[in-house]
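[1] Quick one: sequence plus predicted model below, questions after.
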Amino acid sequence: MIETLKNFGGKKLGGIILIAVIVIAFGFGGFGGGFSTNNQNNIAKINKTNVTTQDFMDYLNGSNISQQAIRENLDQNIIEELLSGLISTTLIDLEVEDFDLSITELTILKKIKENKNFQDENNVFQRTKYEKFLLSNNMSAPMFELQLKNRELQKHLFDLIGAGTITPNFVIQKKFEEQNKTLDVEYFAMSNKYKEKDRYTNLEIEEFVEENKDQLKREYIDFKYAVLNPKNLIGIEEFNQEFFDKIDKIEDQISQGDTFETILENVDVNVTKISKYTPSSTKNINEDKIYSKRSSNLDLVENGDNFLLFSIVKKYDLGPNLNDKTTKDEITELVFQKGKFDFNRSILEKIQKKEFDNNKFNEMSANSLEYTSLNSINDNNTFEKNSVKILYSLPINSFTLVNDKDNEIYLVKIVNAKNNSYNATDENYLKFVQEQNTVNRKSILQSYDQLLNKKYKVQLNQKTIDRVKNYFK
């Protein structure tokens, strides 16, 4: 929550903290319930702190969102989103107060004078520039200085919460060395180790179908349809008003419960009948379109330059028909993929049980063994990046299966690991240090989120929210 909020200022704070705090309190988007009160001037309550409608209206006025924009977006919960912003900033103010954070007027003035927007080419503060900025933003000096003070206090809060997140150098150095060492590996492709697709017998394919008959069932339909266009409806090839009037009439007949035959009784058109249809790798434009709309037994759908009037006669589930070549090829591919999966799993199980050794590795590799060196955990030139991370997590003489960017599978042995020298002032190392500190900081702030969830109870007055909405209607 806090880490996210730090990236926002002013009204941008709205909505983010809601995810971590307010959602838990009453559910985002619902805003149901709320606290019971006779004080209709209160729109929300955070523990014992009341958020009044005047607070909310002041927040709206400072949001630079016009009443017209609010009015046009009432149905998109804009009032609730703006209220979440006010609650977010109020909650942060409560935290600032709880930690007894403060900032002097001299510090604020120093911040203003150091702002380069208010300085000349010699970096000297120019009051005219400052006043021009205030005028152009329709702000008074006290208002701007108050906002600046609040931002600085929030920054102090975030810095306080994130304090102590600097990771010790020796920890970072060790992790950097681990992730930037050179790994020497031996590997070979598993593609030649799998049973070839054409070697699977009909019996094996039939057994696979029987074992997976429920999963392999597909919905089939029997149906009839007619292709409607200007030529067969009005006798010309022009899409004119008369044609669309005919289409509208057919849609009315469908809604009134007329049958397929009744609708076409005065239309000279061919009717196509299809039995046992389910989509396949072969594209059938009309049939596939109708199948996708099979939830309706009778309907008219647009398909390119034509309309399709169709009637579903029957729907039913069937297992795969192995006498159909296309279907059999699809099932054979599934059997082949399952064979690959089972073989890979057996290798991994042997590795995990320490039943796979160097002799078996060399025996499987035959004459196809290859060698490569990985320069760092980010070196994905040979293997896919997540596979590289796995390799860097394993000790020397380990075996595992990995894949490349094309999803080809390889059996790999880690032969050697060598630490590389580096310079602590190197750009890559400095970037790594920053990333590690960010990760640790994020972890601490996530813990702080959980604390806030327990520390504050947020309640809304739904009646007041509804009254505010009515104001904008």
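    Received, thanks.
[2] Kindly format the C-alpha coordinates of stretch 446-458 as CSV.
    Presented in CSV, the C-alpha positions along stretch 446-458 are these (Å, rounded to 0.1, in the frame of the first residue of the first chain):
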residue,chain,number,x,y,z
GLN,A,446,3.8,-5.3,2.5
SER,A,447,4.1,-6.1,6.2
TYR,A,448,3.1,-2.5,7.0
ASP,A,449,0.0,-3.0,4.8
GLN,A,450,-1.1,-5.8,7.1
LEU,A,451,-0.5,-3.7,10.1
LEU,A,452,-2.7,-0.9,8.7
ASN,A,453,-5.5,-3.4,7.9
LYS,A,454,-5.6,-4.2,11.6
LYS,A,455,-5.0,-0.7,12.9
TYR,A,456,-7.8,1.1,11.1
LYS,A,457,-11.5,0.3,10.7
VAL,A,458,-13.1,2.2,7.8
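[3] mean confidence score for it?
    Averaged across stretch 446-458, the pLDDT comes to 82.
[4] Quick check, pLDDT for the closest residue in space to residue 387 that isn't next to it in sequence.
    Closest residue to residue 387 apart from its sequence neighbours, by C-beta to C-beta, 6 or more residues apart in numbering: residue 402 at 3.5 Å. For every residue, glycine as well, the C-beta is placed using N, CA and C. Residue 402 carries a pLDDT value of 97.
[5] Let me see the ranges of the strands in the stretch 201-350 of the chain.
    Remark: strands assigned in the stretch 201-350 of the chain by DSSP state E, counting those that start in this stretch are 218-228, 271-277, 298-303, 306-318.
[6] I'd like these as TSV, with mean neighbour count and mean pLDDT appended.
    Converted to TSV, these look like this (neighbours: other C-beta atoms under 10 Å; pLDDT from 0 to 100):
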stretch	mean neighbour count	mean pLDDT
strand 218-228	18	95
strand 271-277	14	95
strand 298-303	16	94
strand 306-318	17	95
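[7] next one: phi and psi at the residue in the chain sticking out farthest from the centre?
    In the chain, the greatest distance from the average C-alpha position (C-alpha atoms, centre = their mean) is reached by residue 266, at 52.4 Å. Dihedral angles of residue 266 (phi, psi; degrees, to the nearest 10) stand at phi -110, psi 20.
[8] Also residue 446?
    Dihedral angles of residue 446 (phi, psi; degrees, to the nearest 10) stand at phi -70, psi -40.
[9] Not counting sequence-adjacent ones, nearest residue to residue 299?
    Excluding the flanking residues, the one nearest residue 299 by C-beta to C-beta, 6+ apart is residue 293, at 5.8 Å.
[10] thinking again about what came up before, would you tell me which of the strands of the stretch 201-350 of the chain gets closest to residue 81?
    Of all the strands of the stretch 201-350 of the chain, strand 298-303 sits nearest to residue 81, with 38.1 Å by C-beta to C-beta.
[11] The closest one relative to strand 218-228, how many degrees between them?
    Interaxial angle of strand 298-303 relative to strand 218-228 (axes from the mean of the first three to the mean of the last three C-alpha atoms, to 10 degrees): 70 degrees.
[12] in its sheet, what does strand 298-303 sit against?
    Applying DSSP bridges, strand 298-303 is found paired with strand 306-318 (antiparallel).
[13] in what helix or strand does residue 97 lie?
    helix 78-98 (DSSP states H and E).
[14] what's downstream of that helix, the next helix or strand?
    In N-to-C order, the element after helix 78-98 by DSSP H and E is helix 105-113.
[15] picking up where we left off before, check contacts around the residue nearest to residue 299.
    When contacts are counted by C-beta atoms under 8 Å, 6 or more residues apart in numbering, residue 293 touches 299, 301, 310.
[16] picking that back up, which other helices and strands contact the host helix or strand of the residue nearest to residue 387?
    Using DSSP H and E, residue 402 sits in strand 399-403. Using 3 or more C-beta pairs under 8 Å, 6 or more residues apart in numbering; DSSP states H and E, the elements in contact with strand 399-403 are helix 325-352, helix 385-392, strand 409-418.
[17] To residue 463, which of the ones you listed lies closest?
    helix 385-392 (52.2 Å).
[18] Check which helices and strands that closest one sits against.
    Judged by 3+ C-beta pairs under 8 Å, 6+ apart, helix 385-392 is in contact with strand 182-189, strand 370-374, strand 399-403.
[19] Run the chain-centre distance for the last one.
    Remark: strand 399-403 is offset 28 Å from the chain centroid, using C-alpha atoms, centre = their mean, to the nearest Å.
[20] Show residues contacting that strand.
    187, 190, 344, 347-348, 351, 356, 361, 383-384, 387-388, 390-391, 394, 409-413.
[21] hang on, isn't residue 94 packed against residue 49?
    Yes - in terms of C-beta atoms under 8 Å, residue 94 counts as a neighbour of residue 49; the distance is 6.4 Å.
[22] which of these two has more neighbours?
    Just comparing residue 94 and residue 49: by other C-beta atoms under 10 Å the higher neighbour count belongs to residue 94, 16 against 13.
[23] separation between that one and residue 52?
    Between residue 94 and residue 52 the computed distance is 15 Å (C-beta to C-beta, to the nearest Å).
[24] Tell me, how many residues neighbour the nearest residue to residue 69 once chain neighbours are set aside?
    Nearest non-adjacent residue to residue 69, counting by C-beta to C-beta, 6+ apart: residue 78, 7.7 Å away. For residue 78, the neighbour count with other C-beta under 10 Å is 17.
[25] mind checking how far residue 78 is from residue 45?
    22 Å.
[26] Over to residue 461?
    Residue 461 sits 8 Å away from residue 45, going by C-beta to C-beta.
[27] who has more neighbours, those two?
    Neighbour totals were compared for residue 461 and residue 45, and residue 461 leads with 25 against 19 (other C-beta under 10 Å).
[28] Hmm, that one is touching residue 41, no?
    No - with contact defined as C-beta under 8 Å, residue 461 does not count as touching residue 41 (9.3 Å).
[29] Find the residues that touch each one of those two.
    Common neighbours of residue 461 and residue 41, using C-beta under 8 Å, 6+ apart, do not exist here.
[30] returning to that earlier point: deepest-packed of the helices and strands packed on strand 399-403, please.
    strand 409-418 (a mean of 18; mean count of other C-beta atoms under 10 Å).
[31] mind saving the C-alpha coords of that strand as PDB?
    What follows is strand 409-418 as a C-alpha-only set of coordinates in PDB (Å, rounded to 0.1, in the frame of the first residue of the first chain):
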ATOM      1  CA  ILE A 409      13.200 -30.200 -24.000                       C
ATOM      2  CA  TYR A 410      16.800 -30.900 -23.000                       C
ATOM      3  CA  LEU A 411      18.500 -33.000 -20.400                       C
ATOM      4  CA  VAL A 412      21.200 -31.000 -18.700                       C
ATOM      5  CA  LYS A 413      24.200 -31.700 -16.400                       C
ATOM      6  CA  ILE A 414      25.900 -28.900 -14.500                       C
ATOM      7  CA  VAL A 415      29.600 -29.600 -15.000                       C
ATOM      8  CA  ASN A 416      31.200 -26.600 -13.300                       C
ATOM      9  CA  ALA A 417      30.600 -23.200 -11.800                       C
ATOM     10  CA  LYS A 418      33.100 -20.300 -11.600                       C
END
